[in-house]
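> I'll drop the sequence and a predicted model, then ask my questions.
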Amino acid sequence: MKALPLAFALVFVIATAAAADVLPNVYCSVTGDLNGTVLIAPGPLAGTTLTVSVRNAQNVPIPNAIVQIWFDQQIRLCAGGPPYAVTDAQGICQLQLRGGGCVTSTLPVCGVTANGVEIRVYMRVRSPDNGAHDHSAPDGTVGTVDLPFFAEEFKGVVPAGCHDYDGSGGCDTGDLPFFGDAFKTAMHCTLQ
Ligand SMILES: [Ca+2]
């Protein structure tokens, strides 16, 4: 019975510490997405880095927070994923998103967590590695398999779908650099 007060004290200390780091809150942010679309590619590509700022409810940075990102299973990640990072003294870290595929939903298909608490979710994920217009079809390489699907959407032969990378609602000159930069280097990885 004498252990009880200590147990209560520990619970109080833990609860107090947790209260100071209440997540999520309005001071946490995830930036670098494209109009609410998360872009992922099988190599380093502009637009595939998310910057995450983790702060407590008093707007004080939380260093050493473990930041992770999850994806719907229709998204295929490069070997070694899913990415995670640890926040620096300013409570900031970056996630490099490597993989391919395409998914759209009215429910979250991607989410960023800090210390296990979800601080942001997304309904759309896009990649230039996708050999289809309306479903996920990555193979780990941005190449000739993907080209006709990008081209058809770019030319307006079919409505913009999986190759609207920047979330603009269309597939146009805003999306061309993303595909072009990945295609010209045959960007690739081994999918896990
Ligand atoms: Ca677009």
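That came in fine, so what should we check first?

> what's the offset of stretch 162-175 from the middle of its chain?
17 Å (C-alpha atoms, centre = their mean, to the nearest Å).

> Quick check: buried residues in it?
Neighbour counts using 16 or more other C-beta atoms under 10 Å place 162-167, 171, 175 of stretch 162-175 among the buried residues. To be clear about C-beta, it is placed using only N, CA and C from the backbone, and glycine gets the same treatment.

> What of stretch 93-106?
Across stretch 93-106, burial judged by 16+ other C-beta under 10 Å covers 93, 95-104.

> Can you tell me the closest non-neighbouring residue to the closest residue to the ion within the chain?
Nearest residue of the chain to the ion: Ser168, at 3.6 Å (C-beta to the ion). Leaving out its chain neighbours, the residue that sits closest to Ser168 by C-beta to C-beta, 6 or more residues apart in numbering is Gly174, at 5.5 Å.

> Specify the beta-bridge partners of the nearest residue to Val30 once chain neighbours are set aside.
Nearest non-adjacent residue to Val30, counting by C-beta to C-beta, 6+ apart: Arg120, 4.2 Å away. Beta-bridge pairing of Arg120 under DSSP bridges involves Val112.

> how many neighbours does Arg120 have?
Counted with other C-beta atoms under 10 Å, residues neighbouring Arg120 total 20.

> again, but for the one 10 residues further on
The local packing count at Asn130 equals 30, with neighbours defined by other C-beta under 10 Å.

> Spell out which parts of this structure neighbour the ion.
164, 166, 168, 174-175 (C-beta under 5 Å from the ion).

> Next, give me the two most distant ones among these.
By the measure C-beta to C-beta, Asp164 and Gly174 form the most distant pair in the residues of the chain next to the ion, at 8.7 Å.

> that older thread, wait, what's in contact with the residue nearest to Val30?
Arg120 sits next to 24, 28-30, 111-112 when contact means C-beta atoms under 8 Å, 6 or more residues apart in numbering.

> Phe179 too?
Going by C-beta under 8 Å, 6+ apart, Phe179 touches 128, 142, 146, 150, 163, 165.

> my read: the fifth one touches Asp175, true?
Yes: look at His163 against Asp175 with C-beta atoms under 8 Å: they come within range, at 6.3 Å.

> hang on, isn't Ile62 packed against Ala114?
Yes: assessed by C-beta under 8 Å, Ile62 is found in contact with Ala114 at 7.4 Å.

> Give the residues shared as contacts by those two.
With contacts defined as C-beta under 8 Å, 6+ apart, the residues shared by Ile62 and Ala114 are 54, 87.

> which of those two has more neighbours?
The neighbour comparison of Ile62 against Ala114 (other C-beta under 10 Å) goes to Ala114, with 25 against 19.

> how near is that one to Gly180?
Separation of Ala114 from Gly180 (C-beta to C-beta, to the nearest Å): 34 Å.

> Same check on Cys189?
Separation of Cys189 from Gly180 (C-beta to C-beta): 19 Å.
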